[in-house]
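*Asks:* Sequence first, predicted coordinates after that:
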Amino acid sequence: MQPQCGGGVEMTKHKVLIPVDGSEFSRQVLPYVRRLLDAEEYTLILLRVGEPQKGIISSPTVPVTTIAPTMTYASSRDLDKAMHPVYESDVEEGIRVELLKDLHKDVVHLEEEGYQVSLVVRFGDPAHEIVAAAKDLDVDMVAMATHGRTGLKHMVLGSVSEWVLRHLAIPVMLIRPTWMR
C-alpha cells in the first residue's frame, strides 16, 4: 500500500541504489541511510557487483592423421570438458545465489525498520555496473561508502565513487566512514 498525501493523492517512493561489495566498509553507508532517509518515502535497492565469470568448455577437436582422417580431442581432459561443459551462465547463477545470501542479513535489518528492499546482482566492472544499474532501474539517488583516497593511492587504485559521480546526473550520497581507515 502506497502512503497517501493530503487530498488522497498517492505518493510514490523514491528509489535509492546502494552498492555494497560484501565488506563491512561498504555496509557503513547503511546507518546513514537509515538515519537520513525515511522508510515511508524511500525504497532501497541493494546492488552487489560480482567478478565476470567464464565457462569451462573443451578446446576444439584436432585432426589426427591416420589412414582415414578423423577428428579427436587433444587430451582426455578436453574430451571430459566437451562431455560436461560448464557454461558462463551456470557459473554466474551459482555465484549470484552466494552474493544474494551475503546480503540477506542487511535486508532483514532494513525490512525490520520498515524499508521496502530489493536486491540486484550484476557482473562486471563495479563502477560501470553501478552507473548502468542506476540508469536501468531509474533510481533517484545512489548512496555508497567511499575510502576518500587522494594522491598516489587514488591514482593507482582509482575511485569507483569518482566514476559514479562523473557519470550520473542524479544525487550521489558518499559516506566516508572514519573508523574503518
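*Replies:* Happy to help now that I have it.
*Asks:* When you work out contacts or count neighbours from here on, use the C-alpha atoms and nothing else.
*Replies:* Noted.
*Asks:* On the three-state scheme, Thr12 is what?
*Replies:* coil (DSSP: H, G, I helix; E, B strand; the rest coil).
*Asks:* Tell me how many other residues crowd it.
*Replies:* Thr12 has 14 neighbours, counted by other CA atoms under 10 Å.
*Asks:* do you know how far it is from Glu40?
*Replies:* 10 Å (CA to CA, to the nearest Å).
*Asks:* Next secondary structure after the longest helix seen in the chain?
*Replies:* The single longest helix within the chain, with elements called by DSSP state H, is helix 88-112. Counting by DSSP states H and E, the element after helix 88-112 in chain order, helix or strand, is strand 116-123.
*Asks:* Quick check: buried residues in that next one?
*Replies:* By neighbour count on 16 or more other CA atoms under 10 Å, the buried set for strand 116-123 is Gln116, Val117, Leu119, Val120, Val121, Arg122.
*Asks:* now the angle from that strand to helix 88-112?
*Replies:* 160 degrees (axes from the mean of the first three to the mean of the last three CA atoms, to 10 degrees).
*Asks:* strands paired with strand 116-123, and their directions?
*Replies:* The strands beside strand 116-123 in its sheet (DSSP bridges) come out as strand 42-50 (parallel).
*Asks:* Let me see the mean pLDDT of the strand it pairs with.
*Replies:* For strand 42-50, the mean per-residue pLDDT is 95.
*Asks:* Check what contacts that strand and list those residues.
*Replies:* 13-22, 95-96, 99-100, 103, 115-126, 129-130 (CA atoms under 8 Å, 6 or more residues apart in numbering).
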